[in-house]
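Participant: Take a look and give me a structure for this.
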Amino acid sequence: MPFAGCGPPDRGCEMDLGIAGRTALITGASSGIGMATARVFAAEGARVVLTYRTGERRARELAEELGAGSDLACAVPYDLGDPSSVDAAVRAAENRWGGVDILVANAVRRGPRLPPGTHVEDVPAQQWQPLLRDNLEQTMRTVQLVLPGMRARKWGRVALLSSHRTRDGAPGQEFYAAGKAALHGFARSLAWDAGPDGVFVNLVSPGLTRTSGVLVDLPAEVRERELRRTPSGRLSTPEDVAAALAFLCAEANGNINGAVVDVSGGR
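Facilitator: Now for the predicted structure:
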């Protein structure tokens, strides 16, 4: 099937990614980048397991859209603050389709927006420690759970969602950025551990992305400021990020492992 992110058909650009028939677990798939990724993977012929925390209705509607009635998609709960739900989500995918071939770890827990001028030492430990723990530990735990099956099958793809904040930083983003940056070290070492077994681990690092949440919640002046700093002259869409994820998680990715792919218009 032609790669949806490859280009207009009239340009003759077609590429079979080799995702068809694979099972992809996409965390945080009820909105934004996760939702766009699920649509791209399903269009390429993958079976998709969509996870949600609060967006159950959206996730179930998306599963129906992507083929739940033909046993090609399902939606399961997954909460970074509830380790038992992480185990249950992976188990559900394994019980239904025999294992997870592709993991896109997109779910994220965001802390409350800090008042302007807040210094890092003023943020209480009971506020930042759970944020860091849930984002990092449960993402790593999910990877641990899917790896044995990938190794046994001698094929797997893991993509971790990072953020341009790990490189650019921003006031008030210290703990969020720290959690994302820790995933870089995890992925680089895991690439050595899992690569020989045919399992590639990569990170995708989006810049500010035009998700519905960003368009609604982020002040227009902030979006304009980010736009001025972006060489391509436009902010990424969720579909831009999903296209990068689809390639990295496909058979077409023959040897990209341990890499960080920026989807940020050249920032």
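Participant: in this structure, which spans are strands?
Facilitator: Counting by DSSP state E, the chain has strands at residues 23-26, 47-52, 73-77, 102-105, 156-161, 199-206, 260-263.
Participant: Format these as JSON lines; extra columns: distance to Gly185, mean neighbour count and mean pLDDT.
Facilitator: No exception for glycine: its C-beta is placed from N, CA and C like everyone else's. JSON lines is the format used below for those (distance: least, CB to CB, whole Å; neighbours: other CB atoms under 10 Å; pLDDT from 0 to 100):
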{"stretch": "strand 23-26", "distance to Gly185": "23", "mean neighbour count": "28", "mean pLDDT": "98"}
{"stretch": "strand 47-52", "distance to Gly185": "25", "mean neighbour count": "28", "mean pLDDT": "98"}
{"stretch": "strand 73-77", "distance to Gly185": "29", "mean neighbour count": "22", "mean pLDDT": "98"}
{"stretch": "strand 102-105", "distance to Gly185": "15", "mean neighbour count": "27", "mean pLDDT": "98"}
{"stretch": "strand 156-161", "distance to Gly185": "11", "mean neighbour count": "25", "mean pLDDT": "98"}
{"stretch": "strand 199-206", "distance to Gly185": "11", "mean neighbour count": "24", "mean pLDDT": "98"}
{"stretch": "strand 260-263", "distance to Gly185": "11", "mean neighbour count": "18", "mean pLDDT": "98"}
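Participant: As CSV, those strands with distance to Arg96 would be great.
Facilitator: Formatted as CSV, those follow (distance: least, CB to CB, whole Å):
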stretch, distance to Arg96
strand 23-26, 8
strand 47-52, 8
strand 73-77, 6
strand 102-105, 15
strand 156-161, 17
strand 199-206, 21
strand 260-263, 30
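Participant: Give the buried residues for the lowest-mean-pLDDT helix or strand in the chain.
Facilitator: Ranked by mean pLDDT, DSSP states H and E, the weakest helix or strand in the chain is helix 212-217, scoring a mean of 82. Across helix 212-217, burial judged by 16 or more other CB atoms under 10 Å covers Val214.
Participant: from now on call the first residue 48
Facilitator: Let's use 48 as the start, then, which means that last one is helix 259-264.
Participant: to the chain's geometric centre, what's the distance from that helix?
Facilitator: Between the centre of helix 259-264 and the centre of its chain there are 18 Å (CA atoms, centre = their mean, to the nearest Å).
Participant: Now tell me what touches it from outside.
Facilitator: Helix 259-264 has contacts (CB atoms under 8 Å, 6 or more residues apart in numbering) with Ser78, Gly79, Leu255, Arg270.
Participant: residues in contact with the spatially most central residue of the chain?
Facilitator: By CA atoms, centre = their mean, the chain has its centre lying nearest to Asn153, at 2.8 Å. Neighbouring residues of Asn153 by CB under 8 Å, 6+ apart: Ile73, Thr74, Gly75, Ala76, Ile80, Gly81, Thr84, Leu208.
Participant: tell me the contacts of the closest residue in space to the first one that isn't next to it in sequence?
Facilitator: By the measure of CB to CB, 6 or more residues apart in numbering, the closest residue to Ile73 outside its immediate chain neighbours is Val151, 4.6 Å from it. Residues counted as contacts of Val151 (CB under 8 Å, 6+ apart) are Ala71, Leu72, Ile73, Thr74, Gly81, Thr84, Ala206, Leu208, Leu292, Cys296.
Participant: Hmm, the fifth one is touching Ile73, no?
Facilitator: Yes - with contacts defined as CB atoms under 8 Å, Gly81 counts as touching Ile73 at a distance of 5.5 Å.
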